[in-house]
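# Structure for this input, please:
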Amino acid sequence: MEIYPNARSILRKKIRKQRRKLSEAEAQIKARKLSRLIAASRIFQKSRNIAFYLTNDGEIDLLPLIKLAWKQKKRCYLPVLGLSHSRSLWFLPYTPTTKLYRNSFGINEPKHKRHTRQFKVQSLDLVFMPLVAFDQQGNRLGMGGGFYDRTLAFLHNRRQWRKPCLIGTAFSFQQVNKLETRVWDVPLHGVVTDQEFRVFSDID
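Got it, this is the predicted structure:
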């Protein structure tokens, strides 16, 4: 079915509930499958600065992929809230020794202070983006806060593709037929699920 604005909240509740129904064992099996698909991709292999996220609310877990990235000496980053009043995301380094704390949404992020230096999103090669739903055209439905869309809004002014490459990550059941887009939505270059790596635009 097609998804329109008045149905967005219903869709969010439905898929979030479906994610949380997965057993820990099932979720980890799917996370490892997703990790293997990404690890075999050219975009991951050539990327050096990569933004991940830490799982929350039943999202597919990227920790197996993060551990692989550390092993391969890639520079890993996590999104951070609260460093400005713009309601945009900042990105800070994430290493095995990074201290974490829970932000106002209950999501773990690196500890920081007001003067902490951020890593510019334009300098990232690859950003893995959590989502609630996605469609066959690369449109993404998030949690509704708009943090990623505001942070990546500069991509609307690009006449040709440049980094960062935006890859959504999800369980395969999070796909819907069609999402109605809004002017501020930033489309994905690809989506990886536990079953496939689907590309919507050139990422090489």
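# low-scoring stretches of this structure, by residue?
Applying pLDDT under 70 to the chain picks out residues 1-6, 82-86, 113-117, 158-162, 203-204.
# Mind listing residues that contact the helix or strand that contains I66?
If you go by DSSP states H and E, I66 is part of helix 63-71. Helix 63-71 is contacted by residues 31-32, 34-35, 38-39, 50, 52, 54-55, 76, 94-96, 128 when judged by Cβ atoms under 8 Å, 6 or more residues apart in numbering. In this view, the C-beta of every residue, glycine as well, is placed from N, C-alpha and C.
# P110 reaches T97, doesn't it?
No - here P110 does not reach T97: they are 10.7 Å apart, not a contact under Cβ atoms under 8 Å.
# and those two? which has more neighbours close in?
P110 (20 against 5; other Cβ atoms under 10 Å).
# All the strands of the chain, in order from the start?
Taking DSSP state E, the strands of the chain run over residues 2-3, 49-51, 75-80, 90-93, 100-102, 108-110, 126-130, 133-134, 140-141, 165-169, 178-179, 190-192, 197-199.
# what about the top helix by length along the chain, distance to the chain center?
If you go by DSSP state H, the chain has its longest helix at helix 24-39. Centre-to-centre, helix 24-39 and its host chain are 15 Å apart (Cα atoms, centre = their mean, to the nearest Å).
# for that helix, packing partners?
Using 3 or more Cβ pairs under 8 Å, 6 or more residues apart in numbering; DSSP states H and E, the elements in contact with helix 24-39 are helix 63-71, strand 190-192.
# how about the longest one: buried residues?
Looking back up the chat, that one is helix 63-71. P64, L65, I66, L68, A69 (16 or more other Cβ atoms under 10 Å).
# picking that back up, quick one: the longest helix of the chain to strand 165-169, angle?
160 degrees (axes from the mean of the first three to the mean of the last three Cα atoms, to 10 degrees).
# hmm, who's touching helix 24-39?
Contacts to helix 24-39, defined as Cβ under 8 Å, 6+ apart, come from residues 22, 44-45, 58, 60-65, 68, 167, 169, 171, 192-197.
# Deepest-packed of the strands of the chain, please.
Ranked by mean neighbour count, the strands of the chain are led by strand 165-169 with a mean of 26 (mean count of other Cβ atoms under 10 Å).
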